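Need the 3D shape of this:
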Amino acid sequence: MVNDETMMFRFGAEENKAEDIIRKVCAAMEEKGYNPINQLVGYLLSGDPAYVTSHNDARNMIRKLERDELLEELVRSYLDKDKTK
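Predicted structure coming up:
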């Protein structure tokens, strides 16, 4: 049976958790001299946690979330920022 209905995809309270983790991980990467954008893109595309520094437990934090949760938060943030223009 094929369902033509659009499925709803929600994470609920994880949104704030994802934002917090992204900010902490980016700060840790900057402290170590890495470009956090490049490193996050590498991680999101490959799934390889080696793109994220272990400094300040950043690698363990980023692995607490699924990559789709991280992408959802990044898209949400981009679209919310676009609304304020």
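
Lys64: what's its closest spatial neighbour, skipping adjacent residues?
Ile21 (6.7 Å; CB to CB, 6 or more residues apart in numbering). Every residue, glycine included, has its C-beta placed from N, CA and C.

In contact with that neighbour: list those residues for me.
Contacts of Ile21 were listed using CB atoms under 8 Å, 6 or more residues apart in numbering, and they are Met61, Ile62, Lys64, Leu65, Leu70.

ok, it to Arg76 distance?
Distance of Ile21 to Arg76, computed by CB to CB, to the nearest Å: 14 Å.

where do the contact lists of these two overlap?
When contacts are counted by CB under 8 Å, 6+ apart, Ile21 and Arg76 have no shared neighbour.

what is the rounded mean pLDDT of the host helix or strand of Ile21?
Assigned by DSSP states H and E, Ile21 belongs to helix 14-31. Mean per-residue pLDDT for helix 14-31: 88.

which helices and strands sit right next to the strand or helix carrying Leu40?
Using DSSP H and E, Leu40 maps to helix 36-46. Helix 36-46 sits against helix 14-31, helix 67-83, with contacts defined as 3 or more CB pairs under 8 Å, 6 or more residues apart in numbering; DSSP states H and E.
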